[in-house]
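Participant: got a sequence here, can you model it:
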Amino acid sequence: MKVTDLQEIKDYWNKKYPHVEISIYKTYEGDRYFGRMMKATASVFLNASSIGDLINQGENFLRKANK
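Facilitator: Below you'll find the predicted structure:
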């Protein structure tokens, strides 16, 4: 997974949810993904072993936070 791929995911989420602050990154070893999503009334820390799991966690938060 390239860092630019994570940037594409972040850019997509920022366009869809501009009021949510998003920070995602990959460990130097390349085996873990971490992140944080925040809006005025809710936040979540992301911790995933795959990019798919990171996306799943992020999408779950964004759906719940934007009801």
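Participant: list the contacts of the most centrally placed residue in the chain.
Facilitator: By C-alpha atoms, centre = their mean, the chain has its centre lying nearest to residue 58, at 4.7 Å. Residue 58 is in contact with 9, 13, 22, 24, 35, 37, 46, counting by C-beta atoms under 8 Å, 6 or more residues apart in numbering. Using the backbone N, CA and C atoms, a C-beta is placed for each residue, glycine as well.
Participant: for the fifth one, give its distance to residue 17.
Facilitator: Relative to residue 17, residue 35 is positioned 14 Å away (criterion: C-beta to C-beta, to the nearest Å).
Participant: just want to know which of the two has more residues nearby.
Facilitator: residue 35 (21 against 18; other C-beta atoms under 10 Å).
Participant: right, and the more buried one touches residue 25 too?
Facilitator: Yes. Using C-beta atoms under 8 Å, residue 35 is in contact with residue 25, at 6.7 Å.
Participant: what are the phi and psi values at the residue in the chain sticking out farthest from the centre?
Facilitator: Computed with C-alpha atoms, centre = their mean, the maximum C-alpha offset from the centroid of the chain is found at residue 29, amounting to 18.8 Å. Dihedral angles of residue 29 (phi, psi; degrees, to the nearest 10) stand at phi -70, psi -20.
Participant: ranges for the strands of this protein?
Facilitator: Remark: strands assigned in the chain by DSSP state E are 21-26, 33-39, 42-48.
Participant: quick one, which of the ones you listed gets closest to residue 67.
Facilitator: Closest approach to residue 67 among the strands of the chain (C-beta to C-beta): strand 42-48, 10.5 Å.
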